[in-house]
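1. just to be clear, the model below is a prediction. Sequence and coordinates:
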Amino acid sequence: LVIHNAAFDVGFMDSEFARLKPVRKTADHCGIVDSLAIARKKHPGQKNNLDALCKRYGVDNSNRDLHGALLDAEILADVYLLMTGGQTALSLDAGSGDEGGDGGIRRISGERAPLAVVRASSDEASAHDEFMAMMEKQAGETVWSRLQATE
């Protein structure tokens, strides 16, 4: 994963993983690259937020009003490649595997333990029902209530 300010986001992801049994951490499943740490090394003493990096590297972020995960991920991909001098062209040709290398592809097993189902407690379910009632009172019928009516 390439994450700008990884400690912040990984903290949230690890909090969610902590609900699983056995407890897992993001780093147990993948490598984590903090693009903010790279930017701070490369540009010490300068602003290194995503907007500043876009300006510095000429990446168009004109569609970015506020933080939006999908757009930020696309922008970060461009910034990261420019900042690190990484891949500059898309090539899906990883070779046939006969060249002695694996083309940079790490093969992993498709075998997985079944996912734990974490159900809402009765308090959480009640809070959800109250919230949905408030939403319907303010905005009218919700998609959620339509889906529940068809079940």
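-> Cool, got the structure. Bear in mind that the values here come from a model prediction, so they are computed numbers and not experimental data. Residues are numbered from 1 along each chain as shown.
2. show me where the chain has strands.
-> 2-3, 33-34 (DSSP state E).
3. tell me which of those strands sits most buried.
-> Mean neighbour count (mean count of other Cβ atoms under 10 Å) peaks for strand 2-3 among those, with a mean of 18. No exception for glycine: its C-beta is placed from N, CA and C like everyone else's.
4. that one - which strands sit beside it in the sheet, and in what orientation?
-> strand 33-34 (parallel) (DSSP bridges).
5. mind checking which helix or strand of the chain has the lowest mean pLDDT?
-> In the chain, no helix or strand scores lower on mean pLDDT, DSSP states H and E than helix 143-150, which sits at a mean of 81.
6. mind giving me the domain split of the chain?
-> For the chain, automatic domain parsing gives the domain ranges 2-84, 119-151.
7. which one of these lies closest to A113?
-> With Cβ to Cβ as the criterion, A113 lies closest to domain 2-84 of these, at 9.2 Å.
8. now stretch 61-78: buried residues?
-> Neighbour-count burial for stretch 61-78, counted by 16 or more other Cβ atoms under 10 Å, picks out N61, D72, I75, L76, D78.
9. likewise for stretch 76-89?
-> For stretch 76-89, using 16+ other Cβ under 10 Å, the buried residues are L76, D78, V79, Y80, L82, M83.
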